[in-house]
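Participant: below are the sequence and a predicted model for it; my questions follow.
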Amino acid sequence: MKPTITDQLTRTVETLREVTLPHLTDHASRRTTESVIAGLVLVAEAWPRILPFLAWDNAEMLRLLGDRDVATPDAEVDPLDVEANDRLNEELRRRLEALVAAEPGQPDPDVLQHLDARARRYPLRYVPTLNTGTDPEEQ
């Protein structure tokens, strides 16, 4: 189907860069628009990987929680329903956080390994541009 989500996001980014940015003269408006553009670029690149990430993360958290006898939601989630998988992910993360907080001493190495892998695989990782200019208006 055309235009795709990526096409729409890419065209929006191009429009902001070519039509809007050249007319912004104040620093705050320009920085805000540049941040919006960076966010849209990130979403355009990441959105196709969200559902596979959620499926992997949910399966791993279900395994970790199950291995530690922590109750997990009983409801089956449609593997193609992004919103349902996202809600399940939030609930599983909440339960995993409670497990980690309740354990005395160092967290379980398997849980730590998953959290590290999760952070590395998360498709919407964004590192903002730091303001390193010397212009006081930019500070």
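Facilitator: In hand now; what should we look at?
Participant: any idea how far stretch 53-67 is from the chain center?
Facilitator: In terms of CA atoms, centre = their mean, to the nearest Å, the centre of stretch 53-67 is found 17 Å from the chain centre.
Participant: quick check: phi and psi at the residue nearest the centre of the chain.
Facilitator: In the chain, the residue lying closest to the centroid (CA atoms, centre = their mean) is residue 124, at 3.5 Å. Reported as degrees, to the nearest 10, the phi and psi values for residue 124 are phi -100, psi 30.
Participant: so what's it closest to, chain neighbours aside?
Facilitator: residue 46 (4.9 Å; CB to CB, 6 or more residues apart in numbering). (Each C-beta comes from the backbone N, C-alpha and C, glycine too.)
Participant: again with residue 117
Facilitator: Residue 117 sits nearest to residue 60 (CB to CB, 6+ apart), 7.8 Å away.
Participant: hmm, the one you found is touching residue 114, no?
Facilitator: Yes. If you go by CB atoms under 8 Å, residue 60 and residue 114 touch, sitting 5.3 Å apart.
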